[in-house]
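J.: Below is the structure, and that's it, no one-letter string:
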DNA sequence: CTTCGTTTGTGACGAGGGTGACCAAGTCGT
DNA sequence: ACGACTTGGTCACCCTCGTCACAAACGAAG
């Protein structure tokens, strides 16, 4: 999984040099494990113990919540430069993940062992600031998710979802099935097919097998 | 608002001595402002700037999210020993609150000026641990709120809400109106009246003017 | 080309829950 | 005691969304 160090060191520098102080970056190159992960990989599941903090260099990760029956709902996406604050719970001795994380595209990331991150909290001010900022961002995104569930109807949520996907994928041609969309929004395939059809009639998008092409977003 | 220092120093010690180191507690007595706040006071509103971190000694605070039209929905309650992690965003230079906070009962708390809290992050390990733990708890509670919205039907949410109220109030006789409950759950008064009536028929509670008496919870 | 699994389109139906209307019963001020 | 206001109960109705059912379209593998 680990590739040429020079490559990812430069990539990490480009992404984090404005955020993390130089000595910390050097420490990151020593203790961080670089990984390339293909799309669709489950990085983390509910109940798993987390022993490392991921820093996202490239790609995107889908964060989901599951209910006891296994139904899932999309919470938000992590993008390049983000980290997963929930996994920081590991510092607190909290043992188990309460979410599922799946790569949404081919992704490269650096895993920082929990023990190392814990040390950095004391030694590197820019690290603790980064961790705090990460928590703050995740809280804001959870609030956005709550807004969607509490205040928005399904057509609106669907449009927001498709817009987000376009941004995440960097492509207006989305390769996905109606069933996948239904799972992310925690509704049924039939409902999504209906709504997509009506959005197509409005000219907002066009439908194809295994694909949705967005016109407006 | 400020009362006899000796009283609240003891109270704070009892509540936080296991969590915050002794020298930090001394600093807290110097820089913290003690306040008694009656039930129903709005401590914080959306768009307000936050210049202090609250530590809850006694009572309870209701945290709500608002949509642009002013509709609100209950997120969770803060109880004694809790702090409001969202207000820590103040450390990050984030300016405005995205939530509303209203006292659910008569409440006593200590306000720590943002600048002081920021210093403590570097000087007192127990403070940064406490802040991180607070973030973690708030995230977990937001996840619970999302579960309720995404996975639970209204009768279930209502039962959970009433149970929470009993726990928060420490009394099975809840003094509230159907309209208040409807606001917290972001639904309509008629719907709540219907559901409460059916719960009364099941023997779970009894209904009175401005009051609901819980039997099972 | 045929077969089979997957994906999509659509009609009919029902449940959950939101809305308007209206009245009864308390509560408050004067 | 009077009216005005707040709270609660209930009816009728509607809309959104979830479910069942089934057919058509498509693609991959033989």
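T.: Nice, thanks for sending it over. Note that the structure is a prediction, hence the values are computed from the model and not measured.
J.: Can you tell me which residues in chain A are near chain B?
T.: A:65, A:67, A:71, A:73, A:75, A:85-86, A:88-89, A:91-92, A:94, A:98-99, A:121-122, A:125, A:128-129, A:131-133, A:135-136, A:138-140, A:142-143, A:145-147, A:149-151, A:186 (CB under 8 Å from any CB of the partner chain). Glycine gets a C-beta too; all of them are placed from N, C-alpha and C.
J.: Just the residues you listed: which are in helices?
T.: Using DSSP state H, the members of the residues of chain A next to chain B that fall within helices are A:121-122, A:125, A:128-129, A:131-133, A:135-136, A:138-140, A:142-143, A:145-147, A:149-151.
J.: quick revisit: of the residues of chain A next to chain B, keep whichever come out buried.
T.: Buried members of the residues of chain A next to chain B, scored by 16 or more other CB atoms under 10 Å in any protein chain shown, are A:65, A:73, A:75, A:85-86, A:88-89, A:91, A:94, A:98-99, A:121, A:128-129, A:131-133, A:135-136, A:138-139, A:142-143, A:145-147, A:149-151, A:186.
J.: Return the residues in contact with residue A:149.
T.: For residue A:149, the residues meeting the contact criterion (CB atoms under 8 Å, 6 or more residues apart in numbering or on different chains) are B:146, B:149-150.
J.: Those residues into CSV, with extra columns for pLDDT?
T.: Rendered in CSV, the data for those read as follows (pLDDT from 0 to 100):
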residue, pLDDT
B:146, 98
B:149, 98
B:150, 98
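J.: ok, these vs residue B:52, which is closest?
T.: residue B:146 (28.1 Å; CB to CB).
J.: residues contacting that closest one?
T.: A:65, A:73, A:75, A:142, A:145-146, A:149.
J.: For residue A:65, report the pLDDT, please.
T.: Residue A:65 is assigned a predicted lDDT (pLDDT) of 96.
J.: now, which of the contacts of residue B:146 sits nearest residue A:191?
T.: Ranking those by separation from residue A:191, with CB to CB as the measure, puts residue A:73 on top at 14.3 Å.
J.: Tell me the spacing between the closest residue to the closest one other than its chain neighbours and residue A:104.
T.: Using CB to CB, 6 or more residues apart in numbering or on different chains and skipping the chain neighbours, the partner closest in space to residue A:73 is residue A:186 (4.1 Å). Applying CB to CB, to the nearest Å, one obtains 17 Å for the distance of residue A:186 from residue A:104.
J.: do residue A:15 as well
T.: Using CB to CB, which is the criterion applied here, residue A:15 is 18 Å from residue A:104.
J.: again, but for residue A:44
T.: When distances are taken as CB to CB, residue A:44 and residue A:104 turn out to be 14 Å apart.
J.: domains for chain A, by residue range?
T.: For chain A, whose domains are defined here by automatic domain parsing, the residue ranges read A:5-150, A:153-214.
J.: thought the residue nearest to residue A:73 was touching residue A:71?
T.: Yes: applying CB atoms under 8 Å as the test, residue A:186 and residue A:71 come out as touching, 6.2 Å apart.
J.: Quick one: name the residues of chain A near DNA strand C.
T.: By CB under 7 Å from any atom of the strand, the residues of chain A that approach DNA strand C are A:177-179, A:189-190, A:193-194, A:196-197, A:207, A:209-211.
J.: Also near DNA strand D: which of those, exactly?
T.: Near DNA strand D, taking CB under 7 Å from any atom of the strand as the test, the members of the residues of chain A next to DNA strand C found are A:190, A:209.
J.: Show only the entries of the residues of chain A next to DNA strand C found in strands.
T.: Residues from the residues of chain A next to DNA strand C lying in strands, with DSSP state E as the criterion: A:207, A:211.
J.: Can you tell me which of the residues of chain A next to DNA strand C is nearest DNA strand D?
T.: Using CB to the nearest atom of the strand, residue A:190 comes nearest to DNA strand D of those, at 3.7 Å.
J.: Next one, pLDDT for residue A:52 please.
T.: According to the per-residue confidence, residue A:52 scores 89 in pLDDT.
J.: what about it, how many neighbours?
T.: Residues lying near residue A:52 (other CB atoms under 10 Å in any protein chain shown) number 19.
J.: Hmm, residue A:114 and it touching each other?
T.: Yes: judged on CB under 8 Å, residue A:52 makes contact with residue A:114 at a distance of 6.0 Å.
J.: What pLDDT is listed against the nearest residue to residue A:174 once chain neighbours are set aside?
T.: Excluding the flanking residues, the one nearest residue A:174 by CB to CB, 6+ apart is residue A:212, at 4.6 Å. The per-residue pLDDT reported for residue A:212 equals 98.
J.: tell me which residues form a beta bridge with residue A:212?
T.: Residue A:212 forms beta bridges with residue A:174, residue A:207, as assigned by DSSP bridges.
J.: low-scoring pLDDT stretches of chain A, where are they?
T.: Low-confidence regions of chain A, defined by pLDDT under 70, span residues A:1-3, A:85, A:88-95.
J.: Strands of chain A, start to end?
T.: Under DSSP E, chain A gives strands at A:33-37, A:42-44, A:52-58, A:60-66, A:72-79, A:100-103, A:107-113, A:173-174, A:205-208, A:211-214.
J.: Out of those, flag the one nearest residue B:27.
T.: Each of those was scored for nearness to residue B:27 using CB to CB, and the closest is strand A:52-58 (29.9 Å).
J.: which residues does residue A:128 contact?
T.: The neighbourhood of residue A:128, defined by CB under 8 Å, 6+ apart, consists of A:120-121, B:121, B:128.
J.: follow-up on the earlier one: what is in contact with residue A:186 and residue A:71 at once?
T.: Shared contacts of residue A:186 and residue A:71 (CB under 8 Å, 6+ apart): residue B:151.
J.: for the strands of chain A, which one sits closest to residue B:171?
T.: Evaluated with CB to CB, the strands of chain A place strand A:60-66 nearest to residue B:171, the distance being 32.4 Å.
J.: name the helices or strands packed onto that closest one?
T.: Contact analysis of strand A:60-66 by 3 or more CB pairs under 8 Å, 6 or more residues apart in numbering or on different chains; DSSP states H and E lists strand A:72-79, strand A:100-103, helix B:125-151 as its packing neighbours.
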